[in-house]
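Trainee: 3D, please:
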Amino acid sequence: MNHCLTEYATHCPFCAEPITLLIDSSAGSQQYIEDCQVCCRPLQISLRAEQGELESVEVDNAS
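Mentor: The predicted model follows:
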């Protein structure tokens, strides 16, 4: 099983603190909700990936 894990640095749209997401690009394009590591508010993560290559990441508030 080949995992393409990528660290993606961004900022929380709620608290504006820097956060790091660990993204598995081998799963292809996806959307999911993950809590901010600082303020614990829900983030909507949308990513595009093809053939294990991360193309884009969007982070927005999920509420």
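
Trainee: contact partners for the nearest residue in space to residue 35 that is not next to it in sequence?
Mentor: Setting aside the residues directly before and after it, residue 35 is nearest to residue 42 in space (Cβ to Cβ, 6 or more residues apart in numbering), at 5.9 Å. Bear in mind the C-beta positions are built from the backbone N, C-alpha and C, glycine included. Residues near residue 42 by Cβ atoms under 8 Å, 6 or more residues apart in numbering: 33-36, 61-63.

Trainee: swap in 6 Å and give it another go.
Mentor: Residue 42 is in contact with 33, 35, 62-63, counting by Cβ atoms under 6 Å, 6 or more residues apart in numbering.

Trainee: which of these ranks first by neighbour count?
Mentor: Most neighbours among these, by other Cβ atoms under 10 Å: residue 62, with 15 neighbours.

Trainee: now do the phi/psi pair for that residue.
Mentor: In terms of degrees, to the nearest 10, the main-chain angles of residue 62 are phi -100, psi 0.

Trainee: show me what contacts it?
Mentor: Taking Cβ under 6 Å, 6+ apart as the test, what residue 62 contacts is 33, 42-44.

Trainee: from these, which is closest to residue 21?
Mentor: Distance ranking of these against residue 21, using Cβ to Cβ, places residue 43 first at 8.5 Å.

Trainee: in this structure that closest one contacts residue 32, no?
Mentor: No: contact criterion Cβ atoms under 6 Å: residue 43 and residue 32 do not qualify, at 9.2 Å.

Trainee: higher neighbour count, those two?
Mentor: A side-by-side neighbour count of residue 43 and residue 32, using other Cβ under 10 Å, places residue 43 first with 22 against 11.

Trainee: what about that one, which helix or strand?
Mentor: Using DSSP states H and E, residue 43 maps to strand 42-50.

Trainee: buried ones in that strand, by neighbour count?
Mentor: Buried residues in strand 42-50, counted by 16 or more other Cβ atoms under 10 Å: 43, 45, 47, 49.

Trainee: returning to that earlier point: need the max-distance pair from the contacts of residue 42.
Mentor: 35 and 63 (11.4 Å).

Trainee: since that was my last question, I'll sign off now.
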